[in-house]
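Student: How does the following fold in three dimensions:
(chains A and B)
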Amino acid sequence: MNNKYPVWFLVVLALGFSASAAQKAAPGVSDGAAEYVAGELLVKFKPQSDTAVQGSFMAELNARGHKALSRSRVHKVTLPQGADARSVAELYAADPRIEYAQPNYIYHTMATVPDDIDYGKLWGLKNTGQTLASPVYGSNNPGIAGYDMDAEAAWDLQTDCRGVIVAVVDTGVNYTHEDLIANMWDGGVTYPNHGYDFVDTDNDPVPSDGESHGTHVAGTIAAVGNNATGTTGVCWQAEIMSVRVLGAGGSGTTDDIAQGVDFAVAQGARVINMSLGGGSFDHTFSDAIADARTAGVVVVVAAGNGGADGVGDNNDLTPQYPCSYTHDNIICVAALDQSYALASFSNYGATSVDVGAPGVNVQSSIAGTTTSDNFSVGWTLGGDWAVSGVDYWCGSASSLVNPADYCEELGGYYAPNANDAVYKTFDLGAAGLLGAGVTAYVDYYMDVTDSLSFGVQSTGGDPFAGGTMVRINSDQNNEVVLGAVVAYDLTQSSCLTANCSIGVRLVSDASNHSYGARVYGFEINKSISGADTYALYNGTSMATPHVAGLAAMIWSYNPAYAYDDVVSSVKSSGDAVAALYGKSSSGRAVDAYKALQYIQAPTGVTAVVVP
Amino acid sequence: MEGRVRFPLLISLTLLVSVIIGCGSGSGSGGDGGGSSTTSTIAVSWIENSESGVNSAGGGYKVYHSTTSGFSVSGAGFVDVPYVSGPIAPTTANLSLATGTHYIKVVAYSALNPSGSPASTQIAVTVP
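Tutor: Residues are numbered from 1 along each chain as shown, chains lettered A, B, ... in the order given. Below is the predicted model:
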């Protein structure tokens, strides 16, 4: 007596099964452990099962068809609509007429995995649901496995982006870094340092102020891949051109940026990465991008990180440039987190922002080191300067304050006729130091006739006795400013010495005073040859190079492409992501494999009757 | 009671069949044997795609045609225009079509992407 479940029961069970898209001729299904062709069963009959027995077995399965393989006694059976091969195989496992029954499994090429030591941190290229240690973005860490650019499948097809020069128009690149040097553009004898520096107007775009931003961006595009070192870029091999247009503090001006774009185009870059932005329409900048377009260059830019409050803004309402320019060679990129939610800081825009890409907890190369100073050691406190930072107005941020009660809610004015300097001497004389800069935040309430100044002195001691100084507060108005950024290039002021003293001075006259000043967030940034350091960063600045690298990869794979084909492929081929719907023009997160797979719709179709 | 209930096949066994109708003299298609209406030759051409995959082994184009405007290429008749040799796949095809108005769309494909690109904009041609 046959006690087996009839096949119709299996059909009912299988109705809830989700098969993959019907694009393939034989759609696969997966039970989580293996993929197999839907509706196909492989059966091997025992030697004693003659054709009559085989026939009745097929009839029992309600097979729609069957075919003998060239392997002896193995048949491929087409099961009834909706039947699940694995379930049927298990059901007939002990059937005396057969040796075995199994699904028709699906096999793939092994996706290419590079051997870089920190590859496992690069969730944006391969998201395994990994947890990033010491994250700089806490939400959705770990994220969701599979939410990435699908780089491994793309690398089966293309790892080498040489031939498509990518210009990093930024704070400079420490091209001595172990994981970048082999991928730097060869500028020949004219540009032996792989680019140009428009901030210092010299031939060496290494960050002389220690700013790591550009070095980190470069690593995301093209850290050398599969060299058992550090990370890998989207491209394993590449040509990175470093164009320094941003100085200390990460700031730059129209003239340097526009000339930087022009330089990149003139020297043959086909992709320009600009992880930068500002809030004003700028004719000079816009024209430089238009000229890049005429030259067939793709420009990839950051959407922005939400401004002063760090909460992402709508670029369609408050334009950010270059993101909000309408040139069609621009791709503007928002930042996604490890679960492909929009990063909290990321700007967006249904018209101005185009795609999303990974932009939190991004591991990449940096220029050297960043050292924070909490003012507890080595500071000479002149006049009314004091160290504070536990009271109401200062929170827990360690601060230099003048007067001493600045942080208290009812603190008083700074003293009249003051000449108060506070400073510390730093050893910046080490060999291998390619550049250094200092950045700090300053809050101040200053009267116009009083001055707050920043100073450096290369021979130690009080920087304001013979050093270089720059005024912080206005000499035109009384001012209240919170969060002013002071950034100083110590290389340019010749302070790369063993006794570089750095400080702040408050000078007041006899009349009209105010609440004073507070210095906090003090950091010394160093570009170091041989440091070969890496760090996690957040930002649309980090999402942008994921896309710039992808543009280079697409162009390497399809050399006949024009700039608009590359842009179209990036925008059209990505994965539809809920977080980007209504927040970007494409609603998509870039996908490297799909971009290489993507084919543009044919154009220019004509049909004529042949007489 | 012996035996078990045979499943009467409530689920339709109608398969979605991709009908390949021989439309004419494009390479790789079969002729349709004409019929009683007059057919004419339609020369279709398009601008070459730039993808390497289209212009290498396994790549090419499919020229779809229908007498219904706005037709979906899924299930429509087509002429296959595969890459053969040289720098690019062919960008022309001849169709044998009967009297009347026909609508044409072209899709590009590659070995990596056999289902191919989005369809081109539709064009119309009237066969006298």
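
Student: Isn't A:Y598 up against B:L112?
Tutor: No: using CB atoms under 8 Å as the test, A:Y598 is too far from B:L112 to be in contact (9.6 Å). Bear in mind the C-beta positions are built from the backbone N, C-alpha and C, glycine included.

Student: Show me which of these two is the more surrounded one.
Tutor: Each of A:Y598 and B:L112 has its neighbours counted (other CB atoms under 10 Å in any protein chain shown); A:Y598 has more, 25 against 18.

Student: How about the contacts made by the more buried one?
Tutor: If you count contacts by CB atoms under 8 Å, 6 or more residues apart in numbering or on different chains, A:Y598 has them with A:569, A:572-573, B:51, B:113, B:117.

Student: Please report phi then psi for it.
Tutor: Backbone torsions for A:Y598, taken as degrees, to the nearest 10, come to phi -70, psi 140.

Student: And the pLDDT for it?
Tutor: What the model reports as pLDDT for A:Y598 is 97.

Student: Next: A:N512.
Tutor: pLDDT, the model's per-residue confidence, is 89 for A:N512.

Student: Tell me the spacing between the residue nearest to it when sequence neighbours are not counted and chain B.
Tutor: Closest residue to A:N512 in three dimensions, ignoring its sequence neighbours and counting by CB to CB, 6 or more residues apart in numbering or on different chains: A:D447, at 4.7 Å. Counting by CB to the nearest CB, to the nearest Å, the gap between A:D447 and chain B amounts to 65 Å.

Student: try A:G466
Tutor: Distance check for A:G466 against chain B: by CB to the nearest CB, it reads 64 Å.

Student: So what's the predicted local confidence for that residue?
Tutor: At A:G466 the predicted local distance difference test score is 90.

Student: so who does A:A601 touch?
Tutor: When contacts are counted by CB under 8 Å, 6+ apart, A:A601 touches B:107-108, B:117-121.

Student: please redo it, this time with the cut-off set to 10 Å
Tutor: Each residue near A:A601 by CB atoms under 10 Å, 6 or more residues apart in numbering or on different chains is listed here: A:568, A:572, B:49, B:105-108, B:116-121.

Student: and A:G467, what is it in contact with?
Tutor: With contacts taken as CB under 10 Å, 6+ apart, A:G467 has the following neighbours: A:423, A:455-461, A:493, A:495, A:500-503.

Student: With distance to A:G279 added, can I get the contacts of A:Y598 in TSV?
Tutor: TSV is the format used below for the contacts of A:Y598 (distance: CB to CB, whole Å):
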residue	distance to A:G279
A:S569	30
A:S572	29
A:S573	31
B:E51	39
B:N113	41
B:S117	39
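
Student: Select from those every entry located in helices.
Tutor: Within these, membership in helices is found for A:569, A:572-573, as judged by DSSP state H.

Student: For A:G307, which non-adjacent residue is closest in space?
Tutor: Of all residues not flanking A:G307 in the chain, A:D313 sits nearest, at 6.1 Å (CB to CB, 6+ apart).

Student: Now do the contacts for the one you found.
Tutor: A:D313 sits next to A:303-307, A:319-320, A:345-349 when contact means CB under 10 Å, 6+ apart.

Student: that older thread, for the contacts of A:Y598, which entry has the maximal number of neighbours?
Tutor: Neighbour counts for the contacts of A:Y598 were taken using other CB under 10 Å; the highest belongs to B:E51, with 28 neighbours.

Student: Surely it and A:A595 touch.
Tutor: No: between B:E51 and A:A595 there is no contact under CB atoms under 10 Å: 11.1 Å.

Student: got any residues that touch both of those two?
Tutor: By the contact definition CB under 10 Å, 6+ apart, B:E51 and A:A595 are jointly contacted by A:554, A:557-558, A:569.

Student: Tell me the one of those nearest chain B?
Tutor: Using CB to the nearest CB, A:N558 is the member of the shared contacts of B:E51 and A:A595 that sits closest to chain B, with 5.3 Å.

Student: for chain B, what are the low-confidence residue spans?
Tutor: Within chain B, the stretches falling below the threshold (pLDDT under 70) are B:1-37.

Student: related to what we said a few turns ago, save the contacts of A:D313 as a markdown table, and put in neighbour count too.
Tutor: Conversion of the contacts of A:D313 to a markdown table gives the following (neighbours: other CB atoms under 10 Å in any protein chain shown):
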| residue | neighbour count |
| --- | --- |
| A:A303 | 36 |
| A:G304 | 32 |
| A:N305 | 22 |
| A:G306 | 17 |
| A:G307 | 15 |
| A:P319 | 20 |
| A:Q320 | 26 |
| A:F345 | 22 |
| A:S346 | 30 |
| A:N347 | 31 |
| A:Y348 | 26 |
| A:G349 | 25 |
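
Student: Check which helix or strand the spatially most central residue of chain B maps to.
Tutor: Nearest residue to the geometric centre of chain B (CA atoms, centre = their mean): B:F78, 2.1 Å. Of the helices and strands defined by DSSP states H and E, B:F78 is found in strand B:77-82.

Student: Only C-alpha atoms, please: export that strand in CSV.
Tutor: Included here for strand B:77-82 are C-alpha records, laid out as CSV according to Å, rounded to 0.1, in the frame of the first residue of the first chain:
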residue,chain,number,x,y,z
GLY,B,77,8.2,38.0,-32.7
PHE,B,78,11.8,39.0,-33.3
VAL,B,79,14.8,38.7,-35.5
ASP,B,80,18.1,37.8,-33.8
VAL,B,81,21.1,39.8,-34.9
PRO,B,82,24.1,38.2,-33.1
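
Student: tell me the angle the helix or strand just after it makes with strand B:77-82.
Tutor: Using DSSP H and E, the helix or strand that follows strand B:77-82 in sequence is strand B:92-98. Angle, strand B:92-98 to strand B:77-82, by axes from the mean of the first three to the mean of the last three CA atoms, to 10 degrees: 160 degrees.

Student: now strand B:92-98: how far from the chain's centre is it?
Tutor: Taking the mean C-alpha point of strand B:92-98 and that of its whole chain, the gap between them comes to 12 Å (CA atoms, centre = their mean, to the nearest Å).

Student: Kindly spell out which helices and strands sit in contact with the next helix or strand after it.
Tutor: Under the assignment DSSP H and E, the closest C-terminal helix or strand after strand B:92-98 is strand B:100-109. Using 3 or more CB pairs under 10 Å, 6 or more residues apart in numbering or on different chains; DSSP states H and E as the contact criterion, the neighbours of strand B:100-109 among helices and strands are strand A:603-610, strand B:39-47, strand B:60-66, strand B:77-82, strand B:92-98, strand B:123-127.

Student: buried sites along the fourth one?
Tutor: Which is strand B:77-82. B:77-82 (16 or more other CB atoms under 10 Å in any protein chain shown).

Student: do that strand and chain A meet?
Tutor: No: contact between strand B:77-82 and chain A, assessed by CB under 10 Å from any CB of the partner chain, is absent, since the two come no nearer than 10.5 Å.

Student: strand partners of that strand, parallel vs antiparallel please.
Tutor: In the sheet containing strand B:77-82, the strands it pairs with under DSSP bridges are strand B:60-66 (antiparallel).

Student: just the contacts of A:Y598 now: which is nearest A:T326?
Tutor: Closest approach between these and A:T326, by CB to CB: A:S572, at 18.2 Å.
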